[in-house]
Structures are given as structure tokens and as C-alpha cells.
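Undergrad: This is the structure alone, sequence omitted:
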């Protein structure tokens, strides 16, 4: 008989779409306002992207989640068109902080990523960055002046969408790591009440059921650790574990 371990699963969600989330950029070019990066539109033509002003020595864009969250990853969609590639995306960096970009210097933030692309290569316009930290602010910044910008000069950001995946601070065992072996381990419910089915994948939204009813909150999940695939059994009572 296997050992039964009760625990909770949490689906890492796109925190950028929370109603409490706001966005700010260092400057604005034309009508390319900062909120375009959290509108859910992933098209990468200029009119769908936030755009900082030209002729600046630095450019940054900040996602303010409203409070600290446990961040898992950050996915950035950058401007990319047939005749305009992400030249200006070279050598950007991604920081997180509990203090706004308007109040902190780079040295006081936590670095998640630095791009090292050099001319004439260009970075991918869509990049998914692991960033496992607890923080309120997610900051993309650059001081890079692309040589393709002539006569326009300065550091410029043209970000079309940012997805920040994570969950509430204080919660543990996110769906991306909610098994006792590996993230690729399938979880299959048995019995009358389907709790969770499928392979946990960061950022997915899988409907879960408890006592035959769909639920939006995390639930205790009994696990048989004697099986090559971890099996979730039906839950007879809250927080009660079956072996």
C-alpha cells in the first residue's frame, strides 16, 4: 500500500491580466502607450506595441503587480515585422524588485536575465525567461543604441505584450512543480470526483473538479507515491488522505 501525501496544487497564471496590475514606461512615443503590453493582444506590428520615445539614453517598462507575488517566469513579445526586426531588443535586461523603477537603481534590483546579442545578430522577438523570485515589480530596461537607427538615436523599447506567470506570495507547490517527481509526471484522478487530469504545464488553465463540481481554488490532492505515475484518488473529505 502506497504512502499518501496531501498537498495543494496551484496553477501559475498570467498576473499581467489581474485587475490590480498596472504598467508604466520611461517615456512614450506617439500613441504607443504602456498599457498595450497587458491588453492580451500578442500581435507584433508597431501599432500593437508600447514604444518609448526616441533620443533617450535609457528606456524601461515596468509591470506593477500591485503586491508581491511568487513569480515563475516572464514572457516578452517584442516588435517584429517583415522590414523591421527586433534590433532594439539587443542587450536588454530583466529585473524584479519590490520598489518601483522610479525609486530604485539597477543595483538595488534582482537580475533575472541579460541579453548578450551583438550586432548584426538579433534576439528572438518572443522570449520566455525563468524568473523564480517573489516581487511586486517586473522591469525591462535597455541602454542599447541600435546601429540600424540612423538618424534616430538612443535606447528604445518596443514591447507588444508581457506575460508574468506566478501565484500568490505564500503559496507553494505551483502547478509547474506540483508532483513529487518531475513536472512531466501525469496526474490522473480516479474514483467519483475528478480533481485534476493531465500533465501540469506552466501557465495552463485546467478545470479542476471537487465532488463533481468545477472549482477555481486549489484543493488537497492525495498522491500514491508507490506508482510510476502519480495517481490522484477521489477525496472523501476535506484534507483527508487515502492510501
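TA: That came through fine. Note that this is a predicted model, so its numbers are computed, not measured.
Undergrad: C-alpha from now on. contacts and neighbour counts both.
TA: Will do.
Undergrad: Can you report how many residues neighbour residue 144?
TA: For residue 144, the neighbour count with other C-alpha atoms under 10 Å is 20.
Undergrad: typo on my end, it should be residue 78
TA: Neighbours around residue 78, by other C-alpha under 10 Å: 29.
Undergrad: Please tell me how far it sits from residue 49.
TA: 8 Å (C-alpha to C-alpha, to the nearest Å).
Undergrad: any residues in contact with both of those two?
TA: Counting by C-alpha atoms under 8 Å, 6 or more residues apart in numbering, the common neighbours of residue 78 and residue 49 are 158-161.
Undergrad: Of these - the most surrounded one?
TA: Neighbour max across the shared contacts of residue 78 and residue 49 (other C-alpha under 10 Å) = residue 160, 31 neighbours.
Undergrad: isn't that residue right next to residue 50, touching?
TA: Yes. Counting by C-alpha atoms under 8 Å, residue 160 does reach residue 50; the two are 5.9 Å apart.
Undergrad: Now for these two: what residues contact both?
TA: With C-alpha under 8 Å, 6+ apart as the test, residue 160 and residue 50 both reach 36-37.
Undergrad: Is the residue nearest to residue 126 when sequence neighbours are not counted in a helix, a strand, or coil?
TA: Setting aside the residues directly before and after it, residue 126 is nearest to residue 77 in space (C-alpha to C-alpha, 6 or more residues apart in numbering), at 4.6 Å. The three-state label given to residue 77 by DSSP: H, G, I helix; E, B strand; the rest coil is strand.
Undergrad: Show me where the protein has its strands.
TA: Using DSSP state E, the strands of the chain run over 13-14, 22-25, 59-78, 93-97, 110-114, 126-142, 159-168, 187-190, 197-198, 208-210, 213-215, 223-224, 231-233.
Undergrad: will you turn these into TSV that also has mean pLDDT and distance to residue 152?
TA: Below are the strands of the chain laid out as TSV (pLDDT from 0 to 100; distance: least, C-alpha to C-alpha, whole Å):
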stretch	mean pLDDT	distance to residue 152
strand 13-14	95	35
strand 22-25	98	19
strand 59-78	97	14
strand 93-97	98	22
strand 110-114	98	24
strand 126-142	97	16
strand 159-168	96	18
strand 187-190	36	54
strand 197-198	36	50
strand 208-210	38	52
strand 213-215	40	53
strand 223-224	34	59
strand 231-233	34	59
